[in-house]
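Student: pasted the sequence and its predicted model underneath.
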Amino acid sequence: MNIHADIPSVYQTILENMGEGIIFADADGTLTFINHTAEKIRGIAAANFIGRNLLSIHTPASAERIGKLLESLRNGSIRHARRVIDVKGKCFENSYYPIRQPDGSFMGTLLISRDITEKQRLREENQALRENMNLGVLFDGFVGVSAAILKLFRTINVVAPLDSTILITGESGTGKELVAVALHQGSKRCHKPMIKVNCAALPEHLVESQLFGHERGAFTGAVSTHRGKFEQAHGGTIFLDEIGDLPLAAQAKLLRVLQNRTVVRLGSEREILVDVRIIAATNKDLHALVAAGQFREDLYYRLLVIAVHIPALRERREDIIPLAEHFVRTFAEKMARPIQGLCEETAHALMTYNYPGNVRELEHAIERCVALCTDTCLSPDDLPAAFMADLRDDSILPPASHHTKATDSLSLAMGGYERQIIMDALVKTGGRKADAARLLNISRKTLWEKLKRLEQA
């Protein structure tokens, strides 16, 4: 067996049966162990490499880079490192860790190798699917591989060229404005203005003036004529974000715009024709607001010509790791930081978290991580406390309450254990539910039902 003689056979057996490729080079850089998985992943025979120096099996340029990396691990300037390489048509993620004695002396370098060829293939298929759907640059701001996000792409692609009114729904932070921009850019109005209005941020006494304009002297302080947002958007698109916060008085006037395509400025009786496409968005249940008398029913149905719903991030967990990796690349480049990706523990924490703030919360968390990280990959210590609190809450054996029956405690424990196993599978498959289901030996439908139940618990 290709193993250092000092390693007990039980540990040798464990290492040989691991799903990751395990390679160890001693303090001098001599290869002393290569497990079966590493042989399979790299297409090599361990016997041909054991006893050789790690740097001797690389090209001079590659050996120089790896030599510097190994020295940084040895002297403690970095805790670990990650590289992605292409070899013989396959893609590998290599993680390097320094191994030290209890007294801190350097023993050698542990290299863990994972075959991510399938992950890369899925990314390429996703990109090809976008191109085949003629999505083009409209979707440069979108990242995702889930069925839900691809369905959203298809919907946007179909309705963008139309002039119909669109109502975008979804929780805060899901990317409603991003969808509105894609709809405008994919329309025949793309060369005309897109005027964005945050209805929740408009002072109530200025809503009508801002939306529909006013004449000079219409009210105290109106020292000049003002073109409202609808006039400014003439020929293009107006995006009414947080439409559920629009006051009832302004709702009545908006209804008239939708019906007649005309606006009347405050202080005037003259109707002005406006050619605009209206896209509205809300994180509220407009139907419930109608029932409560806080939103006009006739306006609700005028807006609800075509509805586009954006699912919450917790409902499309396949997209969490691709989104996180995208944000890492973006912020690492922006901040000029040498960060290459996520540690496995960090990926697990990200997959476990429930994201009340959705994609926006993930983006801000990764920005914070990149700013604080002192290593080449983001560690769990870099994450906001809430992410780690959620991870602790989902531990395998949650503590029982003093008022909890023994049967309830068992149920809670089993639920936590099941969640842990499912999240581990999702982390290992990069968030892909179909692959996770195969790993767990259950159907995708069963996995989906379990995730739904765990989210509601």
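Tutor: Nice, thanks for sending it over. Residues are numbered from 1 along each chain as shown.
Student: now for residue 317: which residues touch it?
Tutor: 146, 351, 426, 431, 433, 451 (CB atoms under 8 Å, 6 or more residues apart in numbering). Where you see a C-beta, it was placed from the backbone N, CA and C, and this is true even at glycine.
Student: excluding chain neighbours, what is closest to the residue nearest in space to the middle of the chain?
Tutor: Note on the chain: the residue nearest the mean C-alpha position is residue 323, at 3.0 Å, using CA atoms, centre = their mean. In space, and not counting its chain neighbours, residue 323 is closest to residue 143: 5.0 Å by CB to CB, 6 or more residues apart in numbering.
Student: cool, residue 366 as well?
Tutor: residue 327 (3.8 Å).
Student: name the helices or strands packed onto the helix or strand hosting the one you found?
Tutor: Per DSSP states H and E, residue 327 falls inside helix 320-335. Identification of packing neighbours for helix 320-335 by 3 or more CB pairs under 8 Å, 6 or more residues apart in numbering; DSSP states H and E yields strand 341-342, helix 344-352, helix 358-372.
Student: buried ones in it?
Tutor: 320-328, 331-332 (16 or more other CB atoms under 10 Å).
Student: now the helices for the stretch 1-150 of the chain?
Tutor: Along the stretch 1-150 of the chain, counting by DSSP state H, counting those that start in this stretch, helices occupy 9-16, 36-42, 60-75, 117-132, 147-159.
Student: hang on, I meant the stretch 201-350 of the chain
Tutor: 207-212, 229-232, 248-260, 286-291, 297-303, 320-335, 344-352.
Student: the stretch 351-457 of the chain now?
Tutor: Using DSSP H, counting those that start in this stretch, helices in the stretch 351-457 of the chain cover 358-372, 385-393, 406-428, 433-440, 444-456.
Student: out of those helices, which gets the lowest mean score?
Tutor: The weakest mean pLDDT among the helices of the stretch 351-457 of the chain belongs to helix 406-428, with a mean of 55.
Student: need the contact list for residue 177.
Tutor: Listed by CB under 8 Å, 6+ apart, the contact set of residue 177 reads 196, 239, 241, 281.
Student: including distance to residue 56, could these go into TSV?
Tutor: Shown next, in TSV, are these (distance: CB to CB, whole Å):
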residue	distance to residue 56
196	59
239	60
241	60
281	60
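Student: surely residue 34 touches residue 46?
Tutor: Yes - with contact defined as CB atoms under 8 Å, residue 34 and residue 46 form a contacting pair (3.9 Å).
Student: who's more crowded, those two?
Tutor: More crowded of residue 34 and residue 46, by other CB atoms under 10 Å: residue 34, with 26 against 18.
Student: what pLDDT is listed against the more buried one?
Tutor: Residue 34 is given a pLDDT of 90.
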